[in-house]
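J.: no FASTA, just this:
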Ligand code: KIV
């Protein structure tokens with residue numbers, strides 16, 4: 001039952017590569033704080049992704065662009081502290097690596113130093129290859145991110161399926177191979193056709209983690225608030241609800257309000 005492993009040995013890049021070699025799927029979820037990450041780690045998740053989706057989930061922004069390096073550090077530090085087992089990857093936020101290679105390395109080192117995460121993820125392909133190589137040369141494991149790259153949402157013009165046309169699919173495959181050769185231990189593939197994700201997965205040495213990329217990637221990731229039914233009105237085709245925690249939260253809040261208003265809470269045994 002590898003998906004609920006009781007082996008609490010910390011997962012590393014080597015473990016992930018070995019899982020790919022063994023054909024064992026990698027289960028990843030996002031998390032943005034200590035308490036949630038601790039629950040996920042104790043439940044046996046393989047990897048936690050501190051996503052810049054925290055910009056939407058935690059801060060309520062419309063997209064991922066506004067979140068800062070320091071805000072990512074605040075979230076990632078709590079997640080890293082919680083994980084005895086899971087491999088923790090943190091997003092480098094928009095603007096922290098696009099300006100220059102030097103600034104990319106400086107921000108990457110800062111995030112690693114101040115959080116304790118195991119790796120960083122950057123969006124983009126050949127355009128950011130120099131920066132990716134320099135960060136890896138600094139001793140930091142890097143994961144790429146291709147397909148729908150939310151930091152470029154204004155350029156892409158929407159959150160639809162990517163690489164359905166041949167030219168974009170060819171570029172994506174070339175980007176994936178270039179990132180792999182540069183030393184990335186893996187690549188997240190977001191919202192691309194399943195057959196393309198299969199080709200990429202079979203063409204690279206590193207792992208692939210899919211979100212809306214079909215069943216053939218080495219692992220899957222979901223934004224946990226979406227996967228656990230906490231975000232109303234957001235249910236794209238690739239999304240499955242593994243729980244309805246949103247309703248659970250609302251029921252708990254109603255029960256609390258009722259108990260307070262009827263002076264049922266606190267009762268005698270709950271008072272000093
Ligand atoms: O920020 C995020 O949540 C992501 C997803 C691909 C998991 O990058």
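T.: Arrived safely. Please read these numbers as outputs of a predicted model, since none were measured by experiment. Residues are numbered from 1 along each chain as shown.

J.: From now on I want contacts and neighbour counts done on CA atoms only, so please keep to that.
T.: Will do.

J.: Give me the nearest residue to the residue of the stretch 1-150 of the chain found nearest the ligand, chain neighbours excluded.
T.: Proximity to the ligand, evaluated over the stretch 1-150 of the chain using CA to the nearest ligand atom, is greatest for residue 51 at 3.3 Å. Setting aside the residues directly before and after it, residue 51 is nearest to residue 91 in space (CA to CA, 6 or more residues apart in numbering), at 5.3 Å.

J.: The one you found is in contact with residue 55, isn't it?
T.: No. With contact defined as CA atoms under 8 Å, residue 91 does not reach residue 55; the gap is 11.2 Å.

J.: out of the two, which sits in the more crowded spot?
T.: When residue 91 and residue 55 are compared on other CA atoms under 10 Å, the one with more neighbours turns out to be residue 91, at 26 against 20.

J.: does the most centrally placed residue in the chain belong to a helix or a strand, and which?
T.: In the chain, the centroid-proximal residue (CA atoms, centre = their mean) is residue 49; its distance is 3.3 Å. Using DSSP states H and E, residue 49 falls within strand 47-50.

J.: ditto for residue 241
T.: Using DSSP H and E, no helix or strand contains residue 241.

J.: Nearest residue to it in space, ignoring adjacent ones along the chain?
T.: Take residue 241 and drop its neighbours on the chain: the residue closest to it by CA to CA, 6+ apart is residue 227, 4.7 Å away.

J.: tell me the contacts of the residue nearest to residue 51?
T.: Residue 91 makes contact with 49-52, 72, 120-122, according to CA atoms under 8 Å, 6 or more residues apart in numbering.

J.: same thing but at 7 Å, please
T.: If a contact means CA atoms under 7 Å, 6 or more residues apart in numbering, then residue 91 has 50-52, 120-122 as its contacts.
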